[in-house]
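Participant: Kindly generate the corresponding structure for this input.
(one chain, ligands or ions: 1)
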Amino acid sequence: MNANQKTVVRFAPSPTGPLHIGGARTALFNYIFAKQRGGKFILRIEDTDKERSEKKYEEDILSGIKWLGIIPDEIYRQSERTEIYKRHLDALIKNGAAYVSREAKRDGAEGEMVEVVRFKNPNKRVAFSDMVRGEVSFDTTELKDFVIAKSVTEPLFHLAVVVDDFEMGITHIIRGEDHISNTPRQILIQEVLGFSRPIYAHIPLILAKDRSKLSKRKHGEAVSLAHYRALGYTPEAIINFLALLGWHPSASDASEVLSFADLVAQFQLERVQKGGAVLDANKLNWLNKHYTKKKDMIGE
Ligand code: GLU
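Facilitator: Predicted coordinates for the structure are as follows:
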């Protein structure tokens, strides 16, 4: 990235469920980072999985981030960009970096065949420098020739992400740690397409009190932003709370009560912790009390 390049970040949720609290935090970290650098914040709806994507979830995501005050500069939907992916997929096949493979359909009936597109894995070590996790290196050999499209017209997740990040001029990819193992595949695709590499920052998972990964199956409604909104928490308290999931101000005596403007002034992506961030309901309640009291006082 050259010094004059404008910062462009994206929040790229899949609309397969309501906005997750971890997703809201990813959106927030991206948004703060863009604001700090006078950059652009893109919302990209990753709805290539037609079976699992639903309009109501897209609406929930958009309404959730807007309620928090996170307003995208641009919005895209992957389902409307198929032509762009196809163009790049054709180029990959043409130059031999990917190939059509006729094979037995997974979970299909006996003898049922499909034609998928596989990426020709150069089987090498991929290393990248992550703003949160430092130097990361993977041997890609075990990934084999992975599938990048279900057919010549249906590109899958990794290809769509790489193409979009390039086409949208994304400079920094700030996303959940659960995507770190996708990064080597995405870098391999980027390299053969001749795209420059964005800067990565993988932020820690959000954990429940017992340090298990926060999941819908185990923790129910408490994983979605709408749950907190319905309970009457204020957006100011939620923003403040989300910012403290994996980050805290640098001075040890600094206040943990931080407005959005304070966060833009103080947040440092490089200081986000590597380890999981435990969701502490007491802290949320404490922050919410602070903000609601303040509101009442202004109202008097
Ligand atoms: N669509 C992915 C998700 O919802 C995120 C992809 C990315 O940030 O690169 O988990």
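Participant: CA atoms for contacts and neighbours, from now on please.
Facilitator: OK.
Participant: Name the SS class of residue 89, please.
Facilitator: In three-state terms, and counting by DSSP: H, G, I helix; E, B strand; the rest coil, residue 89 is helix.
Participant: Could you verify my assumption that it touches residue 151?
Facilitator: No - here residue 89 lies out of contact with residue 151, judged by C-alpha atoms under 8 Å, at a distance of 10.1 Å.
Participant: Of these two, which one has the most company?
Facilitator: Taking other C-alpha atoms under 10 Å, residue 89 and residue 151 do not tie; residue 89 has more neighbours (26 against 16).
Participant: In contact with that one: list those residues for me.
Facilitator: 152, 155 (C-alpha atoms under 8 Å, 6 or more residues apart in numbering).
Participant: which SSE is whichever residue of the stretch 151-300 of the chain sits closest to the ligand in?
Facilitator: The ligand sits closest to residue 175 of the stretch 151-300 of the chain, with a gap of 5.0 Å, by C-alpha to the nearest ligand atom. Under the criterion of DSSP states H and E, residue 175 resides in strand 172-176.
Participant: Assess the claim that the residue of the stretch 151-300 of the chain closest to the ligand and residue 203 are in contact.
Facilitator: Yes - between residue 175 and residue 203 there is a contact at 6.0 Å, judged by C-alpha under 8 Å.
Participant: shared neighbours, those two?
Facilitator: residue 26.
Participant: between those two, who's got more neighbours?
Facilitator: residue 203 (31 against 25).
Participant: For the more buried one, give me its contacts.
Facilitator: 26, 132, 174-177, 246, 272-274.
Participant: where along the chain do the strands fall?
Facilitator: 8-11, 40-45, 74-77, 98-104, 113-119, 125-130, 134-139, 147-151, 154-155, 172-176, 199-203, 206-207, 277-278 (DSSP state E).
Participant: most tightly surrounded among those strands?
Facilitator: Of all those, strand 8-11 has the most neighbours on average by mean count of other C-alpha atoms under 10 Å, namely a mean of 25.
Participant: which other helices and strands contact it?
Facilitator: helix 21-36, strand 40-45, strand 172-176 (3 or more C-alpha pairs under 8 Å, 6 or more residues apart in numbering; DSSP states H and E).
Participant: which outside residues touch it?
Facilitator: Residues outside strand 8-11 that contact it (C-alpha under 8 Å, 6+ apart): 26-27, 30-31, 34, 39-44, 169-175.
Participant: try it again with 10 Å
Facilitator: 23-24, 26-31, 33-34, 37-46, 72-75, 165, 168-175, 198 (C-alpha atoms under 10 Å, 6 or more residues apart in numbering).
Participant: quick revisit: take the contacts of residue 203 and write them to JSON lines, including pLDDT and distance to residue 109.
Facilitator: Formatted as JSON lines, the contacts of residue 203 follow (pLDDT from 0 to 100; distance: C-alpha to C-alpha, whole Å):
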{"residue": "26", "pLDDT": "98", "distance to residue 109": "40"}
{"residue": "132", "pLDDT": "98", "distance to residue 109": "45"}
{"residue": "174", "pLDDT": "98", "distance to residue 109": "41"}
{"residue": "175", "pLDDT": "98", "distance to residue 109": "38"}
{"residue": "176", "pLDDT": "97", "distance to residue 109": "36"}
{"residue": "177", "pLDDT": "97", "distance to residue 109": "36"}
{"residue": "246", "pLDDT": "97", "distance to residue 109": "47"}
{"residue": "272", "pLDDT": "98", "distance to residue 109": "48"}
{"residue": "273", "pLDDT": "97", "distance to residue 109": "47"}
{"residue": "274", "pLDDT": "96", "distance to residue 109": "45"}
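Participant: Just the C-alpha atoms of the lengthiest helix in the chain, please, in PDB.
Facilitator: Counting by DSSP state H, the longest helix found in the chain is helix 281-299. Taking Å, rounded to 0.1, in the frame of the first residue of the first chain, the C-alpha atoms of helix 281-299 are listed here in PDB:
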ATOM      1  CA  ALA A 281     -22.600  -8.800  31.200                       C
ATOM      2  CA  ASN A 282     -21.900  -6.800  34.400                       C
ATOM      3  CA  LYS A 283     -19.700  -4.400  32.400                       C
ATOM      4  CA  LEU A 284     -22.500  -3.900  29.900                       C
ATOM      5  CA  ASN A 285     -25.000  -3.200  32.600                       C
ATOM      6  CA  TRP A 286     -22.600  -0.800  34.300                       C
ATOM      7  CA  LEU A 287     -22.000   1.100  31.100                       C
ATOM      8  CA  ASN A 288     -25.700   1.200  30.200                       C
ATOM      9  CA  LYS A 289     -26.500   2.600  33.700                       C
ATOM     10  CA  HIS A 290     -23.900   5.300  33.100                       C
ATOM     11  CA  TYR A 291     -25.400   6.300  29.700                       C
ATOM     12  CA  THR A 292     -29.000   6.200  30.700                       C
ATOM     13  CA  LYS A 293     -28.300   8.200  33.900                       C
ATOM     14  CA  LYS A 294     -26.600  10.800  31.800                       C
ATOM     15  CA  LYS A 295     -29.600  10.900  29.400                       C
ATOM     16  CA  ASP A 296     -32.000  11.400  32.400                       C
ATOM     17  CA  MET A 297     -29.800  14.200  33.700                       C
ATOM     18  CA  ILE A 298     -29.900  16.000  30.400                       C
ATOM     19  CA  GLY A 299     -33.700  15.600  30.300                       C
END
